[in-house]
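[1] Dropping the sequence and predicted coords here.
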Amino acid sequence: MSDWKTNLNKRLIVDNGSWEIRLGSALNEVPNLTYYNLLGIDRKNGNLLCGENLNNYIDEANLIYVKPQVRGVVVDWDHEVHLWEKMLDAQTEFESKQNELQSYSISILHNPCVPDKVRQRMIEVCFEYFGFDAIYPALSQQMSQIHALDKYNKKISDTFQLVIEIGHSATYFVPFFDGQPINYAIKRLDVGGKLLTNHLKEIITCRYIQLKNEIRMVSQIKEDMCFVSQNFQKDIKLRKGSHTKYFILPDYETGKKGFAVDFYDRSSYSDKLTLDKERFTLPEILFNPSDIGLDQCGISQGASSVIKEIHPDIKEYFYENIILCGGSSNFVGLKERLLNEVTQNTPDYLDNKLVHLKDTSSAYQGCQRVTSGDNFEMLAMNRNDYKEYGFEQLNALYFI
């Protein structure tokens, strides 16, 4: 039987995000499977739903959501493992093959500054519960950096990069020098897609319709209808109705999902939700979290504060090589606004550049490149190392 050292299909990759989990192998340039990192309990019959079953369940008011991650950290390993089992079985059919995963390796994408106890539990689950032969803990922002260098090798330096990842639970700023993260300058903001979704849910409930548990629908409204203003003070003063757009609510009887439209035709559509200035005041929170009472800087100030921490001889190069990524970075106008605000705070002689990885699986794609490489066997943490050295030594070697 072949193992992961000779068979690329047995080198699995898990992008364990707060909102979505992506799974594939070193042979798959894009993920084979994508599940919400959520489970739903049906109030009517108590069934536990995940994956496609959850995605196809439209009436969210009848669900009790279980979230294995809180603020980007796994706090409920029982339900997280349940999701992994479902996805791994779909990929490898390991439940029908005894000890099948002993011939597999797994690469798990993770964020910096995660508590040691969480890292240790992740390693234990992979080695002791699933029985993998090797693990590669891959820093998510580093994988996005690798993918960006592949995709934009003529636009950005291969020595200096600042990765800004606007994710579901948080925003991370990770500078890289010669391919390695500058640990002391890494910064995290507790502002991300989840905060925006929850805030939009409160706005809709207060001003329009009563919402209970419709987080997937509100997330869709946010993604389909919101944009970043290039001149907030000007846009906020425009007359009411200047930015109106409509969201046609789901039809629970037919199972038809909701969708956004620019024009509302009463004869064609039934229930609707109308948004106007909320479309750009919501993403404004990314730039000014103090607008809703958060004592944190915005993403523009965050980028500048990280670069100021770097050695003065090289810090200016990072303004010229910014990589923007993450699922919550895809608002229309966000890239332009961020680059404009960063440029305003830098000397005129700098050629500020920002590349945007719009694909939400960019970190996965970077990891796929690493995992399929000839030297991957040297990078992975194998079971023998784990037994001999234990978690503490491996933690210092593999994590930041």
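    Perfect, I can see it now.
[2] For the rest of this, base every contact and every neighbour count on C-alpha atoms.
    Fine.
[3] pLDDT weak spots in the stretch 301-400 of the chain?
    400 (pLDDT under 70).
[4] Oops, could you answer that again for the chain instead?
    1-2, 94-99, 267, 400.
[5] which residue ends up closest to the midpoint of the chain in space?
    For the chain, the residue nearest the mean C-alpha position is residue 167 (4.1 Å; C-alpha atoms, centre = their mean).
[6] Roughly how far does the nearest residue to that residue once chain neighbours are set aside sit from residue 256?
    What sits nearest to residue 167 in space, not counting adjacent residues and going by C-alpha to C-alpha, 6 or more residues apart in numbering, is residue 326, at 4.9 Å. Distance from residue 326 to residue 256, counting by C-alpha to C-alpha, to the nearest Å: 28 Å.
[7] quick one, which of those two is more surrounded?
    Comparing residue 326 with residue 256 by neighbour count (other C-alpha atoms under 10 Å), the higher total belongs to residue 326, at 28 against 12.
[8] Double-check that one against residue 165; I have them as touching.
    Yes - using C-alpha atoms under 8 Å, residue 326 is in contact with residue 165, at 4.8 Å.
[9] Next one: the residue nearest to residue 167 from residue 71, what distance?
    Relative to residue 71, and taking C-alpha to C-alpha, residue 326 is found at 15 Å.
[10] same deal with residue 330?
    Taking C-alpha to C-alpha, one finds residue 330 at 20 Å from residue 71.
[11] These two: which has the busier surroundings?
    residue 330 (20 against 15).
[12] Please name the residues that touch the more buried one.
    residue 358 (C-alpha atoms under 8 Å, 6 or more residues apart in numbering).
[13] Please apply the same query to residue 270.
    248-249.
[14] Report how many residues lie close to residue 63.
    23.
[15] Could you pull up phi and psi at it?
    The phi and psi values for residue 63, taken as degrees, to the nearest 10, are phi -110, psi 150.
[16] now the strands for the stretch 151-300 of the chain?
    For the stretch 151-300 of the chain, applying DSSP state E, counting those that start in this stretch gives strands covering 160-166, 171-177, 180-181, 187-189, 245-248, 259-261, 272-275.
[17] Any chance you could list what contacts the first one?
    Counting contacts by C-alpha under 8 Å, 6+ apart, the residues outside strand 160-166 that touch it are 141, 144-145, 171-178, 192-193, 303, 317-319, 321-329.
[18] Narrow those to just the buried residues.
    With neighbours counted using 16 or more other C-alpha atoms under 10 Å, the contacts of strand 160-166 contain these buried positions: 141, 144-145, 171-176, 192-193, 303, 317-319, 321-329.
[19] any idea where the helices of the stretch 301-400 of the chain begin and end?
    Using DSSP state H, counting those that start in this stretch, the helices of the stretch 301-400 of the chain run over 316-319, 334-344, 362-371, 376-379, 383-398.
[20] for the last one, packing partners?
    It refers to helix 383-398. helix 116-124 (3 or more C-alpha pairs under 8 Å, 6 or more residues apart in numbering; DSSP states H and E).
[21] Identify the residues contacting the helix it packs on?
    Residues outside helix 116-124 that contact it (C-alpha under 8 Å, 6+ apart): 73-74, 135, 391, 395.
[22] okay if I get the residues you listed as CSV plus distance to residue 41?
    Converted to CSV, these look like this (distance: C-alpha to C-alpha, whole Å):
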residue, distance to residue 41
73, 22
74, 19
135, 32
391, 35
395, 36
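[23] If you rank these by neighbours, which is first?
    Counting by other C-alpha under 10 Å, top hit in those: residue 135 with 23 neighbours.
[24] pretty sure it is touching residue 380, no?
    Yes - taking contacts as C-alpha under 8 Å, residue 135 lies within contact range of residue 380: 5.5 Å.
[25] Would you confirm that residue 177 contacts residue 145?
    No - at 11.0 Å, residue 177 does not count as touching residue 145 under the criterion of C-alpha under 8 Å.
[26] so which of the contacts of helix 116-124 comes closest to residue 58?
    residue 74 (26.1 Å; C-alpha to C-alpha).
[27] Next up, the contacts around that closest one.
    Applying C-alpha under 8 Å, 6+ apart to residue 74 gives the contacts 68, 80, 118.
[28] Just the buried residues of these.
    68, 80.
[29] Same list, the contacts of residue 74, but as CSV with distance to residue 220 please.
    Below are the contacts of residue 74 laid out as CSV (distance: C-alpha to C-alpha, whole Å):
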residue, distance to residue 220
68, 21
80, 23
118, 30
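[30] thinking again about what came up before, so which of the helices of the stretch 301-400 of the chain is nearest residue 295?
    Using C-alpha to C-alpha, the helices of the stretch 301-400 of the chain put helix 334-344 closest to residue 295, at 19.7 Å.
[31] what does that closest one rub up against?
    So helix 334-344 is in contact with 227-230, 299-301, 303-304, 319, 324, 329, 352-354, 356, going by C-alpha under 8 Å, 6+ apart.
[32] same thing but 7 Å
    Helix 334-344 is contacted by residues 228, 230, 300, 352, 354 when judged by C-alpha atoms under 7 Å, 6 or more residues apart in numbering.
[33] check contacts around the closest residue in space to residue 223 that isn't next to it in sequence.
    Counting by C-alpha to C-alpha, 6+ apart, residue 223 lies nearest to residue 331, which is 7.1 Å off, once chain neighbours are set aside. When contacts are counted by C-alpha under 7 Å, 6+ apart, residue 331 touches 226-228.
[34] what do you get for residue 25?
    9-13 are the contacts of residue 25 under C-alpha under 7 Å, 6+ apart.
[35] Among the residues you listed, name the buried ones.
    Looks like the contacts of residue 25 have 9-13 buried, using 16+ other C-alpha under 10 Å.
[36] Same list, those residues, but as JSON lines with distance to residue 250 please.
    JSON lines is the format used below for the buried ones among the contacts of residue 25 (distance: C-alpha to C-alpha, whole Å):
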{"residue": "9", "distance to residue 250": "39"}
{"residue": "10", "distance to residue 250": "40"}
{"residue": "11", "distance to residue 250": "40"}
{"residue": "12", "distance to residue 250": "36"}
{"residue": "13", "distance to residue 250": "34"}
